[in-house]
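Novice: can't give you the sequence, but here's the structure:
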């Protein structure tokens, strides 16, 4: 499966032509989403359990945000790498301070700290910066590891109740569409990707409070609890993932979002081995037009065209192709039909007679 960058680079010339024509990003996006509106089921909402075209409320918007976050993460990585290279270049231009000076300063500070004692008036000495930092971290960790309190606890309790729901209920929720809700997380999927939302306590608002170990066949998600990590999700995937196109992000105070790229076009019945499986016959197994490659898209376009042509009583694509070839020889030298009006009704052309 091609990476997102490789996949988009294939269409650079076509997209650049559109962008140059419209002149700005806003109009370019209108052209793009206008195409999705006119030519796909992207904006169509599912009207019932038996409806196979479209998405539940919120799913299409979630797909757009997911794609935006993917490339935003790449942009942040590029900025970080550029900044790191700039700092290295600037550091190489400056002479570092002498080692002896650093050691002397450190010793003087240690002597001052060791000699500092509380005065008779009851004034307590201020702890060293490292000690203050350690105390702050311990306090923060105690809040994080204090059990399911606040929003995190409510989400976990809600999940435990929702996990008993039916697949029909899961389908109505964008976060569990084609997936399920489990005790500590919910998951959804489409033909090429899986998204897992691991619920975290309300006080977890920064990435450094989270530890995510994402591997091809396994995952571990933890929050920092003092000097240890409290495991929120851990196990082996039921299917391998493409690490190059998979990533994670934190929604502060809500959840860790795992965006997993499938290595094969398979509908998952569970995220982790050993967990309760869903019935994949009860999910929407129809492929979105966004997951169809160029060749398949051309076939679908042709079938749609032929269907509408047939309703109108007009020639279908295979007939038009043969008519075009016959018309060339109709008026050719030596043809018995030369001078006569071309009549396509004289020919009965089955679809199997033409290869596309």
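Specialist: Structure's in. What do you need? Model, not experiment: these values are computed from the prediction. Residues are numbered from 1 along each chain as shown.
Novice: show me the contacts for the spatially most central residue of the chain.
Specialist: Residue closest to the mean C-alpha point of the chain, counted by C-alpha atoms, centre = their mean, is residue 66 at 4.2 Å. For residue 66, the contacting residues are 193, 195, 259, by C-beta atoms under 8 Å, 6 or more residues apart in numbering. To be clear about C-beta, it is placed using only N, CA and C from the backbone, and glycine gets the same treatment.
Novice: show me those residues that map onto strands.
Specialist: Mapping the contacts of residue 66 onto strands (DSSP state E) picks out 193, 195, 259.
Novice: take these and lay them out in a markdown table including pLDDT, neighbour count and distance to residue 171.
Specialist: Written out in a markdown table, the entries for those read as follows (pLDDT from 0 to 100; neighbours: other C-beta atoms under 10 Å; distance: C-beta to C-beta, whole Å):
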| residue | pLDDT | neighbour count | distance to residue 171 |
| --- | --- | --- | --- |
| 193 | 91 | 19 | 17 |
| 195 | 94 | 22 | 15 |
| 259 | 93 | 19 | 20 |
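Novice: want to throw those residues into CSV with distance to residue 172?
Specialist: What follows is these, written out as CSV (distance: C-beta to C-beta, whole Å):
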residue, distance to residue 172
193, 20
195, 16
259, 22
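Novice: which one of these sits closest to residue 57?
Specialist: The nearest member of the ones in strands among the contacts of residue 66 to residue 57, counting by C-beta to C-beta, is residue 195 at 16.5 Å.
Novice: that closest one bridge partners, please.
Specialist: Under DSSP bridges, the beta-bridge partners of residue 195 are residue 188, residue 259.
Novice: is it correct that it is in contact with residue 261?
Specialist: No: with contact defined as C-beta atoms under 8 Å, residue 195 and residue 261 do not form a contacting pair (10.5 Å).
Novice: run a quick neighbour tally on residue 235.
Specialist: Here the neighbour count serves as a burial measure; for residue 235 (other C-beta atoms under 10 Å) it reads 14.
Novice: could you do residue 331 as well?
Specialist: Every residue meeting other C-beta under 10 Å relative to residue 331 is counted, giving 12.
Novice: excluding chain neighbours, give the residue nearest to it in space.
Specialist: For residue 331, the nearest residue in space outside its immediate sequence neighbours is residue 338; the separation is 5.2 Å by C-beta to C-beta, 6 or more residues apart in numbering.
Novice: is that neighbour in a helix, a strand, or coil?
Specialist: The three-state label for residue 338, taken from DSSP: H, G, I helix; E, B strand; the rest coil, comes out as coil.
Novice: so who does it touch?
Specialist: With C-beta under 8 Å, 6+ apart as the criterion, the residues that contact residue 338 are 330-332.
Novice: got any ranges where the protein has weak pLDDT?
Specialist: 1-8, 49, 93-164, 287-294, 296-297, 300, 345-356 (pLDDT under 70).
Novice: which residues of it fall in strands?
Specialist: Going by DSSP E, the chain shows strands at 180-181, 185-189, 193-199, 210-214, 218-225, 228-236, 247-251, 255-261.
Novice: can you show me the helices along the stretch 51-200 of the chain?
Specialist: For the stretch 51-200 of the chain, the helices defined by DSSP state H, counting those that start in this stretch cover 59-93, 99-115, 129-144, 150-162, 167-171.
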